[in-house]
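# Quick one, structure for this:
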Amino acid sequence: MVKPTALLDSILGELGITVFEATQNSNAGPTFELLTASPSWGEALFGTAEPGPVPLTEYFPYLESFLPDAEALWTTGNDGSRNSGIWAEVDREGNQHHLEALAMVKDGQKLLVLLNLTRTFEERHNVYQRARELSLANEKLIIQLNQRQRELQDSIGRQISGHQKLEHLSEAIEDNTSAVLICKPYGAAEIMNRSFVDLYQVPDDDRLKSESMLDKWVREAESIYPEIQRVVDSGSYWEGEFRSYGEKGEKKWVRLMIGPVLDRQGSLAHFICIANDITELKKAGQEFENLTEFDFITHLPNRRHFWKQLTKLIDEAPDKDNLLALFYIDLDHFKRINDTLGHHAGDYVLNAIAFRLARCVKRGDLVAHLGGDEFALVLKLTQAPFDIGQIAQRVQAAVGKEIFIERDSLNVTSSVGIAIHPEDGREATSLMKHADLAMYHAKKSGRGQYQIFTPSLDYDFSQKLRLENDLKTALEQQQFRLVYQPQVCSREENSLRLEALIRWEHPTQGNIPPGKFIPLAEDTGLIIGIGVWVMETACRQAREFLDEGFDIVMAVNISARQIKQVKFLKQVESILETTGLPPRHLELEITESTLMEELDNVNELLQSLRAMGVSITLDDFGCGFSSLSYLKNLPVDNLKLDRSFIHELPFNEEDKTITTSVINLAHDLKMTVIAEGVETKEQLRFLDEKGCDYMQGFLFYYPMETVKIREVLGKLHEKGMGSRFTMEPEVVRREKNRPIH
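Predicted structure coming up:
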């Protein structure tokens, strides 16, 4: 055993270092014998050390969590070291000490070194505090700049939405101190102001118009923000700061905001880009940022430090028997906290969540605050089986715990994307892109979800983008068409009822099912323009049938996005007036979930529509809230039973009971009942016995083109069956045609 000399004792004492020899015991934990003189700070914490073993874990309970790592090192007998990280202890006089433990093996000797870092910690803390003060001053300026950018973007967006001509807008923004560029979705410049030209030191704007500045920015920002390409491609809002390059290669830091502008149909029409040179602001805080590389709100590594550490971990990965799991965490609806409770509350929430995330990981893992409401975790995983989903649930549960801010209580959910190295990316940028894409899919799935990256996500996103772009031109190129499915009458009513159904004949992919493109149209807002076309086309067709002597009621499906429009009522009035269709011949089908989400607002709208003479059908009844009690308060004329209840009739007892109850209640409330998805004679027989008014399904008619509908109507008229679709077997059998997918 090697003992330090008196001189060495003195030196170690001045440096705040104390050394113990560790002796492992098979029946209990290790014991520790002091090799150096008892330090003054040690006496303040645990008194004068007596000869013999020192009960360190009694003095420092924190060491209990570190000892398993230390023992693993000592057991190998190989030279090396492991540290515990810094923790704080308070001595008998109330003074705080910042300590760190170091487990070592040197020439076979097992050592535990305690380091008192109080002096250097305080010095570093003072520097840190000064850095924080300067950073907060810079941050205040950045926040003010961000606010001005957003206000300018909102103002320009409103003017464009108000149909102000771009040339007039160009005059209004010419003298603004922020650089402004308005471009097409694919990046082609439309207008820019003088500040923009000056920012990149170009003699005139011809050079800027010759290339896509949007593409240039994406390339420049992608090394820090791998998600920017996905955000821009999907037509979403983005802001951030990155190093950009001027005409002559000069470097500058730019704060950029990219905001989308939609046209009347809800399609992306322009991007408004606001840029400011923040080079001087970055220089002012650069020295301190480089010193700490930590975020001043959460005390976690910032984005720059995260990229360095992630790259380092990836470089080391081939030499380790580990996988790396990257968790990209986005807090859901975080903007609402800042908007309603203020930025101080937002900072408090970020701090609380940072602390919780840090406790979710083991030593050696990485936790970082990337900025705003985004965090990242990098976890080292062994090759042995592991449940990544269980880890994700643990992380989300930690984030979602209740947070109290004065009198307010918050529960913050998170959307998490996960990518695994090396399977999902062998370098930092691709790994981050895939984690971001997975997070995007988690958000699209309803937020509060996690998604593990798979190659199909990348493929699906690319396909979705292509399909979205094609969808934007489908109306212009007249790729949509309507087919019509009759609703067969089982009573003695005299109206011919048709439901208009949209089909998309893609020029290269052929017929695309509505279930694939309608949700996409809903997400992007394109459904508004498509919905107007459907209603106008269906009403025009119904008018033609009226002129030919057929008493048609045309049912048209209305989406949630359509009905939430303030001008929806005027749209319906305008279409009826333009096509000449009397209101009583139009029926609007609204899903149960749409109605319940906007019950108060929609109720008033539906009453106005009914006052015009338009009838209302509650579509897909039973698949949403499945409550009968609220029916009496709804301004609807017809109830459409969801096909999920019809599918197992008459063999499912629950479906039989529910269907019977709904039909009886609807009739008591003077509503007409329509059953969709009728495909068998057994279903027909049961529904007819229970008094269902109309039925719709493949047992009777598939959706048909206009020409085929006319043939059916003509044959019904020839047989003297009146102006209604009936269930006469011969007609049903003859007119049933192949489905139009």
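# who touches the closest residue to residue 70 other than its chain neighbours in this structure?
Excluding its sequence neighbours, the residue lying closest to residue 70 (Cβ to Cβ, 6 or more residues apart in numbering) is residue 103, at 3.5 Å. Every C-beta, even on glycine, is put in place using the N, C-alpha and C of the backbone. Going by Cβ atoms under 8 Å, 6 or more residues apart in numbering, residue 103 touches 22, 66, 69-70, 73-74, 81-84, 111-113.
# Take those and lay them out in a markdown table including pLDDT and distance to residue 360.
As requested, those are exported to a markdown table (pLDDT from 0 to 100; distance: Cβ to Cβ, whole Å):
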| residue | pLDDT | distance to residue 360 |
| --- | --- | --- |
| 22 | 87 | 30 |
| 66 | 78 | 18 |
| 69 | 77 | 18 |
| 70 | 83 | 23 |
| 73 | 83 | 24 |
| 74 | 86 | 28 |
| 81 | 82 | 26 |
| 82 | 80 | 21 |
| 83 | 78 | 21 |
| 84 | 74 | 19 |
| 111 | 89 | 31 |
| 112 | 88 | 27 |
| 113 | 88 | 29 |
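# Which of these fall in strands?
22, 81, 82, 83, 84, 111, 112, 113 (DSSP state E).
# Go through stretch 481-497 and flag the buried ones.
For stretch 481-497, the neighbour count (16 or more other Cβ atoms under 10 Å) marks 482, 483, 484, 485, 486, 487, 488, 489, 490, 495, 496, 497 as buried.
# Identify the farthest-apart pair in the residues you listed.
Greatest spacing in the buried residues of stretch 481-497, by Cβ to Cβ: 482 and 490 (25.6 Å).
# Give me the mean pLDDT for the strand or helix carrying residue 370.
If you go by DSSP states H and E, residue 370 is part of strand 366-371. Mean pLDDT, computed over strand 366-371, is 87.
# What is whichever helix or strand residue 433 is part of packed up against?
Per DSSP H and E, residue 433 falls inside helix 428-444. Applying 3 or more Cβ pairs under 8 Å, 6 or more residues apart in numbering; DSSP states H and E, we find helix 428-444 packed against helix 228-233, helix 303-316, strand 322-331, strand 414-421, strand 450-452, helix 455-474.
# what pairs with the third one, and is each one parallel or antiparallel?
Pointing back at strand 322-331 there. strand 374-382 (antiparallel), strand 414-421 (antiparallel) (DSSP bridges).
# need the contact list for the residue lying closest to residue 399 once chain neighbours are set aside.
Leaving aside its chain neighbours, residue 399 sits nearest to residue 414 (4.6 Å; criterion: Cβ to Cβ, 6+ apart). When contacts are counted by Cβ under 8 Å, 6+ apart, residue 414 is found next to 329, 330, 331, 332, 395, 396, 399, 400, 448.
# May I have the beta-bridge partners of residue 414?
The partner residues for residue 414, given DSSP bridges, come to residue 331.
# How about the secondary structure of residue 617?
Under DSSP: H, G, I helix; E, B strand; the rest coil, residue 617 falls in the strand class.
# what's the spacing between it and residue 368?
Taking Cβ to Cβ, to the nearest Å as the measure, residue 617 falls 52 Å from residue 368.
# and what of residue 251?
According to Cβ to Cβ, residue 251 and residue 368 sit 25 Å apart.
# Number of residues surrounding residue 234?
Neighbour count of residue 234, defined by other Cβ atoms under 10 Å: 17.
# What pLDDT is listed against it?
76.
# looking at it, it is touching residue 443, isn't it?
No: counting by Cβ atoms under 8 Å, residue 234 sits too far from residue 443 to count as a contact (11.1 Å).
# Mutual contacts of the two, please.
Counting by Cβ under 8 Å, 6+ apart, no residue touches both residue 234 and residue 443.
# could you pull out the helices for the stretch 151-300 of the chain?
166-173, 194-199, 206-209, 213-221, 228-233, 279-292 (DSSP state H, counting those that start in this stretch).
# For those, give me TSV that also has distance to residue 54 and mean neighbour count.
Shown next, in TSV, are the helices of the stretch 151-300 of the chain (distance: least, Cβ to Cβ, whole Å; neighbours: other Cβ atoms under 10 Å):
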stretch	distance to residue 54	mean neighbour count
helix 166-173	73	14
helix 194-199	65	18
helix 206-209	71	14
helix 213-221	55	18
helix 228-233	56	18
helix 279-292	35	15
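# Lowest average confidence across these, which one?
Among these, helix 206-209 carries the lowest mean pLDDT (a mean of 55).
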